[in-house]
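Undergrad: only the shape, not the letters, is given here:
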């Protein structure tokens, strides 16, 4: 919505196959419905839209344009060969259609390709063709917002996503460049080298260029005809630095939504990207510029927003409330933009987090707010170097002050040593100081010892693995110990002897219990002359059945053997009493 007009990308038929970009509503008497030409597949072909934005081109409001972003299926060479292309389209806000041709249709519609790819030395670039979402970040110059866009790969096997950033100046440069031309559906797009009519097709009617043309109905017929047959620009729009600012390759999810906040930090200004995925997670990312052509991806946080995997369908940013609103089909989640308390309780951890929202204030990792007041705040987003920022570096790097844990492992069994650094950018290195040795040896991965993102997995514990393990986090040249694990080994022979002793103690306990039960039965039989052996056996049978229901497994097998022996003795005793009574 802009100035009471509704600009929308939608389907124009019940089947949803014909797509169009329209303008409707508006104040009377200017209310007029305008749309793209649905009869020409070169205009829009199966488009899916992701956002429309009003952007001024000059200081004259008559030059204001609507830029909209979409992807479409573009036939190349022939109708059987189809490719997905991401596009940026443009129309003039004051376009009211043509006089004799393109009546109630756009007369200023143009489109260009958005390219997002990872350049390769041999020219085999990795392309991300499917646009997923767009966010326009405002700047001090309202005519030049920064365009952030999420792309994914078209492959169903290779899951990959990327974030590319574009300048409005580069987009305008493409729209002011050469047009694309196609002789027929069987030909490729080529650069149009013929005569271009005046005023230039795609230009808005305004006093900036020609005072005689007051509306699009005053455009000459050759301008209208040219726009109808040449809606595509020949050159493509490429991202800043010619590559993505953030990528996710060979992962089990795709990026779906984006919101960006411009943050002023102690050492510069950073754009913090909040990226939603199709599994319900949220990534908090910044891109740090190293030099003219190189940037560094910094993942600040990765949060599981929804309990069950679900596609995040929208992200809204509230700068006034400093809150982020994440939306999926399962619900709505409110999340603070800054969560400084999660970065630990030391200056070193706060500095290593490299979060532009957070700084060390002398007592804790807290929200950084630019102010003219001088305070002892420590922050280094660009380098994350605590050596130049924190006074407690020596305490953090000292391995004696690190958290220590004792783990008992059984020989030949697997053992896991957990260690997760607070900083997302840190790489973990494992060292071992064996018993009786003074030096530490770095552990290398092999078939028996596996390094994971959550810790160290020893698949088969050996006697030589006994010792103190040091988990050290490294960022650039800074290394500090975050955990010590003292591994003690229980030998296999000792374990077997312990098991045998437990089994023997269990058997002895069963024999003692059985003896007590037999003694009670004997007393009951002697004290009750009227109590027959048949009644006694029946009672014992019911007791055993009840015990069988309450017990199970291996223990019941042992009890069953005892029961058989006891019944045998009971039958012998009954026969003996019968012989005595008969005598």
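TA: Thanks, I have it. Everything numeric here is computed off the predicted structure, so don't read it as measured data.

Undergrad: which ones are touching residue 9?
TA: Residue 9 makes contact with 19, 20, 21, 22, 47, 49, 52, 68, 70, according to CB atoms under 8 Å, 6 or more residues apart in numbering. All C-beta spots, glycine's among them, are computed from the backbone N, C-alpha and C.

Undergrad: all the helices of the chain, in order from the start?
TA: 168-175, 221-229, 347-353, 393-397, 492-527, 533-550, 553-582 (DSSP state H).

Undergrad: and those, which one's lowest on average pLDDT?
TA: Of all these, mean pLDDT reaches its minimum on helix 393-397 (a mean of 55).

Undergrad: low-confidence ranges, the stretch 251-400 of the chain, go.
TA: By pLDDT under 70, the weakly predicted segments of the stretch 251-400 of the chain are 372-376, 392-400.

Undergrad: repeat the analysis, applying 50 as the threshold.
TA: Along the stretch 251-400 of the chain, no part satisfies pLDDT under 50.

Undergrad: ok, the residue lying closest to residue 288 once chain neighbours are set aside - contacts?
TA: Counting by CB to CB, 6 or more residues apart in numbering, residue 288 lies nearest to residue 296, which is 4.4 Å off, once chain neighbours are set aside. Contacts for residue 296 were tallied using CB under 8 Å, 6+ apart; they are 287, 288, 289, 290.

Undergrad: highest neighbour count among those residues?
TA: residue 287 (19 neighbours; other CB atoms under 10 Å).

Undergrad: how about that one: what's its closest non-neighbour residue?
TA: residue 245 (4.0 Å).

Undergrad: pretty sure the one you found is touching residue 164, no?
TA: Yes: at 7.0 Å, residue 245 and residue 164 qualify as touching, with contact defined as CB atoms under 8 Å.

Undergrad: so for the two, which residue has more residues nearby?
TA: residue 164 (27 against 22).

Undergrad: and the more buried one, what are its bridge partners?
TA: Beta-bridge partners for residue 164, by DSSP bridges, are residue 149.

Undergrad: okay, it and residue 214: tell me how far apart.
TA: Per CB to CB, to the nearest Å, residue 164 is found 39 Å from residue 214.

Undergrad: ok, residue 423 next?
TA: Distance from residue 423 to residue 214, by CB to CB: 61 Å.

Undergrad: okay, those two: which has more neighbours?
TA: Taking neighbours as other CB under 10 Å, residue 423 and residue 214 compare with residue 423 leading, 23 against 13.

Undergrad: per-residue confidence at the more buried one?
TA: 72.

Undergrad: how about it, phi and psi?
TA: In terms of degrees, to the nearest 10, the main-chain angles of residue 423 are phi -80, psi 130.

Undergrad: quick one, what contacts it?
TA: Residue 423 touches 349, 352, 353, 354, 384, 473, 475, counting by CB under 8 Å, 6+ apart.

Undergrad: excluding chain neighbours, what is closest to the second one?
TA: Pointing back at residue 352 there. Of all residues beyond its chain neighbours, the one nearest residue 352 is residue 423 (4.3 Å), with distances taken as CB to CB, 6+ apart.

Undergrad: parallel or antiparallel, list what pairs with the longest strand anywhere in the chain.
TA: Longest strand in the chain by number of residues (criterion: DSSP state E): strand 478-490. Sheet pairing for strand 478-490, assigned by DSSP bridges, gives strand 403-410 (parallel), strand 467-475 (antiparallel).

Undergrad: residues making contact with it?
TA: Here strand 478-490 has contacts from 348, 352, 384-387, 396-399, 402-411, 415, 417, 419, 421-422, 429, 461, 463, 465-473, using CB under 8 Å, 6+ apart.

Undergrad: does residue 331 touch residue 305 like I think?
TA: No: using CB under 8 Å, residue 331 is not in contact with residue 305; the gap is 9.5 Å.

Undergrad: outline the domain layout of this structure.
TA: Taking automatic domain parsing as the reference, the chain has its domains at 5-248, 338-395, 398-490, 493-582.

Undergrad: of those domains, which approaches residue 326 most closely?
TA: domain 5-248 (13.1 Å; CB to CB).

Undergrad: okay, buried residues for stretch 229-239 please.
TA: Counting neighbours by 16 or more other CB atoms under 10 Å, one finds that the buried residues in stretch 229-239 are 230, 231, 232, 233, 234, 235, 237, 238, 239.

Undergrad: distance of the closest residue to the third one other than its chain neighbours relative to residue 74?
TA: Nearest-residue entry for residue 232: residue 180, 4.2 Å, with adjacent residues in sequence omitted and distances by CB to CB, 6+ apart. Computed as CB to CB, the residue 180 to residue 74 distance reads 11 Å.

Undergrad: out of the contacts of residue 296, who's nearest residue 92?
TA: Nearest member of those to residue 92, counting by CB to CB, is residue 287, at 33.5 Å.

Undergrad: tell me the bridge partners for the closest one.
TA: Assigned bridge partners for residue 287, using DSSP bridges, are residue 297.

Undergrad: and residue 274, how many neighbours does it have?
TA: Count around residue 274 with other CB under 10 Å applied: 23.

Undergrad: go ahead and confirm it touches residue 255.
TA: No: counting by CB under 8 Å, residue 274 does not reach residue 255; the two are 10.8 Å apart.

Undergrad: common neighbours of these two, please.
TA: In contact with both residue 274 and residue 255: residue 283, using CB under 8 Å, 6+ apart.

Undergrad: using JSON lines, lay out the domains of the chain together with distance to residue 281.
TA: Formatted as JSON lines, these follow (distance: least, CB to CB, whole Å):
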{"stretch": "domain 5-248", "distance to residue 281": "11"}
{"stretch": "domain 338-395", "distance to residue 281": "15"}
{"stretch": "domain 398-490", "distance to residue 281": "13"}
{"stretch": "domain 493-582", "distance to residue 281": "42"}
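
Undergrad: can you tell which of these is closest to residue 324?
TA: Nearest of the domains of the chain (CB to CB): domain 338-395, 10.2 Å.

Undergrad: grab the nearest non-local neighbour of residue 413.
TA: Counting by CB to CB, 6+ apart, the nearest residue to residue 413 once its immediate chain neighbours are dropped is residue 461, at 5.9 Å.

Undergrad: what does residue 492 give?
TA: Residue 492 sits nearest to residue 411 (CB to CB, 6+ apart), 4.4 Å away.

Undergrad: number of residues surrounding the one you found?
TA: Around residue 411 there are 17 residues (other CB under 10 Å).

Undergrad: how close does it get to residue 455?
TA: 20 Å.

Undergrad: do the same with residue 147
TA: 41 Å.

Undergrad: same question for residue 183.
TA: 63 Å.

Undergrad: do residue 482 as well
TA: 11 Å.

Undergrad: these two: who's more crowded?
TA: residue 482 (21 against 18).

Undergrad: the residue lying closest to the more buried one once chain neighbours are set aside: neighbouring residues, count only.
TA: Among residues not flanking residue 482 along the chain, residue 473 sits closest, at 5.2 Å (CB to CB, 6+ apart). As a burial measure, residue 473 scores 22 neighbours (other CB under 10 Å).

Undergrad: equivalent analysis for residue 16, please.
TA: 10.

Undergrad: tell me the contacts of it?
TA: With CB under 8 Å, 6+ apart, residue 16 has no contacts at all.

Undergrad: partner residues bridging the residue nearest to residue 482?
TA: As for beta bridges, residue 473 partners with residue 428, residue 480 under DSSP bridges.
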